[in-house]
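Student: okay, predicted coordinates and the sequence, questions at the end:
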Amino acid sequence: MATIKDVARQAGVSTTTVSHVINNTRFVAKETREAVWTAIKTLHYSPSAVARSLKVNHTKTIGLLATSSEAPYFAEIIEAVENCCFAKGYTLILGNAHNNLQKQQAYLSMMAQKRVDGLLVMCSEYPAPLIKMLEEHRNIPMVVMDWGESRGDFTDTVQDNAFEGGYLVGQYLIERGHHDIGVIPGQMERNTGGGRLAGFLKALSEAGLTIRDEWLVQGDFEPESGYRAMQQILAQKQRPTAVFCGGDVMAMGAICAADEMGLRVPQDISVIGYDNVRNARYFTPALTTVHQPKVQLGETAFTMLLDRIISKREDPQTIEVHPSLIERRSVADGPFIDYRRKD
């Protein structure tokens with residue numbers, strides 16, 4: 001393997017001149033630059049990434065601390081971030097911590113030791129110990145995705161408007177003629193759980209509607225929780241005409257439970273999800289849901305982080321992305337539909 005000394009010897013210059021040509025850190029005459037690049041190509045020389053990072057004080061690596069890369073919602077955002085990294089010549093270091101504080105601490109320490117240029121954080125939960133850990137690494141440019149209320153002045157934030165999305169669901173179901181509605185929300189301590197439910201309840205409140213206690217069953221964004229919650233709701237003497245699931249994956253479980261109990265979706269009960277994961281279009285029936293701009297969220301987070309890295313900006317910024325409703329085939333008109341309404 002060729003070294004920088006071999007290149008210098010081939011080009012007839014010093015190793016310092018070769019370094020300046022590669023890193024563009026000083027003026028070098030055109031003929032000399034051409035001689036150096038010719039030698040590099042002839043010898044197939046590849047500069048040491050580690051050595052270069054020590055000289056220019058950056059490693060062209062980004063750390064991503066995530067809850068999981070398996071869940072469809074997270075996987076689509078991670079894919080968008082990875083594509084951005086590749087396009088800009090960065091390497092992505094991914095740490096799936098599964099909300100385990102010990103693993104989160106280990107990954108943060110490892111990324112700091114590897115001198116990542118910046119850090120993206122996408123955890124589904126942000127307890128006080130994790131926030132403290134993140135603040136201890138505030139010297140690393142950082143962008144946090146979707147952690148609800150602002151938690152400090154040391155990071156940028158890309159925020160999904162979960163309240164707005166839940167409100168869209170409530171308005172849509174009411175307009176379709178549903179007044180008796182069940183809900184399977186995600187964990188209340190998460191913005192994706194509590195925020196979506198709060199927006200949904202606001203829409204119902206404005207229409208003078210409430211939810212029966214037995215029709216609100218807690219889920220955890222996994223299909224099994226949607227399945228069990230729907231079983232519990234449908235076991236009641238009086239059933240809702242529609243069920244709002246706070247995540248598409250829970251909606252998948254809910255539809256399965258309804259089918260096993262002999263109910264057709266949407267003829268017997270309507271189901272609406274949230275997230276618009278990649279496979280929602282291929283549920284049976286195709287799932288009406290709220291579209292989360294996941295690619296936009298990942299790309300925006302990367303762009304903000306890159307700006308923070310390059311410009312050395314320290315003042316925190318927050319960018320909000322907005323959801324939209326995707327109408328497919330899992331919601332039918334309810335008994336209170338007003339056919340005079342305008343579509």
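Tutor: In hand now; what should we look at?
Student: what residues of the helix or strand hosting Val7 count as buried?
Tutor: Using DSSP states H and E, Val7 falls within helix 4-11. When neighbours are counted by 16 or more other C-beta atoms under 10 Å, the buried residues of helix 4-11 are found to be Ile4, Asp6, Val7, Ala8, Gln10, Ala11. To be clear about C-beta, it is placed using only N, CA and C from the backbone, and glycine gets the same treatment.
Student: show me what contacts the first one?
Tutor: Right, the one you point to is Ile4. Neighbour list for Ile4: Thr15, Val18, Ser19, Tyr45, Pro47 [criterion: C-beta atoms under 8 Å, 6 or more residues apart in numbering].
Student: just the buried residues from these, in PyMOL please.
Tutor: Applying 16+ other C-beta under 10 Å to the contacts of Ile4, the buried members can be selected in PyMOL as follows:
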select buried, resi 18+19+45
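Student: show me what contacts the residue nearest the centre of the chain?
Tutor: Centroid-nearest residue in the chain: Ile77, 4.3 Å away (criterion: C-alpha atoms, centre = their mean). The contact partners of Ile77, by C-beta under 8 Å, 6+ apart, come to Met122, Met145, Lys294, Val295, Leu297, Gly298.
Student: where is pLDDT lowest across those residues?
Tutor: Checking pLDDT across the contacts of Ile77, the minimum falls on Met145 at 85.
Student: isn't Arg308 up against Pro141?
Tutor: Yes - with contact defined as C-beta atoms under 8 Å, Arg308 reaches Pro141; the gap is 4.1 Å.
Student: what's the overlap in contacts for the two?
Tutor: Counting by C-beta under 8 Å, 6+ apart, the contacts common to Arg308 and Pro141 are Gly118.
Student: let me know the average pLDDT across whichever strand or helix holds Leu173.
Tutor: Element membership for Leu173 (DSSP H and E) is helix 162-175. For helix 162-175, the mean per-residue pLDDT is 96.
Student: which strands and helices lie in contact with the helix or strand just after that helix?
Tutor: Elements were assigned by DSSP H and E; along the chain past helix 162-175, the next helix or strand is strand 181-184. Helices and strands touching strand 181-184, by 3 or more C-beta pairs under 8 Å, 6 or more residues apart in numbering; DSSP states H and E, are helix 196-206, helix 223-234, strand 242-245.
Student: starting at the chain centroid, how far to strand 181-184?
Tutor: 25 Å (C-alpha atoms, centre = their mean, to the nearest Å).
Student: contacts for it, please.
Tutor: For strand 181-184, contacts defined as C-beta under 8 Å, 6+ apart pick out 173, 197, 200, 204, 209, 211, 215-219, 225-226, 229-230, 233, 239-246, 250, 254.
Student: those residues, buried ones only, as a ChimeraX selection?
Tutor: Filtering the contacts of strand 181-184 down to the buried ones (16+ other C-beta under 10 Å) takes a single ChimeraX command:
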select :173,197,200,204,209,211,215,216,217,218,219,225,226,229,230,233,240,241,242,243,244,245,246,250,254
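Student: pull the longest helix from the protein.
Tutor: Ranked by residue count and defined by DSSP state H, the top helix of the chain is helix 294-311.
Student: how about it: buried residues?
Tutor: 294, 296-302, 304-309.
Student: for stretch 126-145, same thing?
Tutor: Tyr126, Leu130, Ile131, Met133, Leu134, His137, Ile140, Pro141, Met142, Val143, Val144, Met145.
Student: so which of the residues you listed belong to helices?
Tutor: Those of the buried residues of stretch 126-145 lying in helices (DSSP H): Leu130, Ile131, Met133, Leu134.
Student: ok, which pair from the residues you listed is furthest apart?
Tutor: Ile131 and Met133 (7.3 Å; C-beta to C-beta).
Student: how far away is the closest residue to Gln218 other than its chain neighbours from Thr318?
Tutor: With C-beta to C-beta, 6 or more residues apart in numbering as the criterion, Gln218 has its nearest non-adjacent residue at 6.6 Å, and that residue is Pro185. To Thr318, Pro185 is 24 Å away according to C-beta to C-beta, to the nearest Å.
Student: for Leu234, same thing?
Tutor: Distance, Leu234 to Thr318, using C-beta to C-beta: 41 Å.
Student: repeat for Ala207
Tutor: With C-beta to C-beta as the criterion, Ala207 and Thr318 are 31 Å apart.
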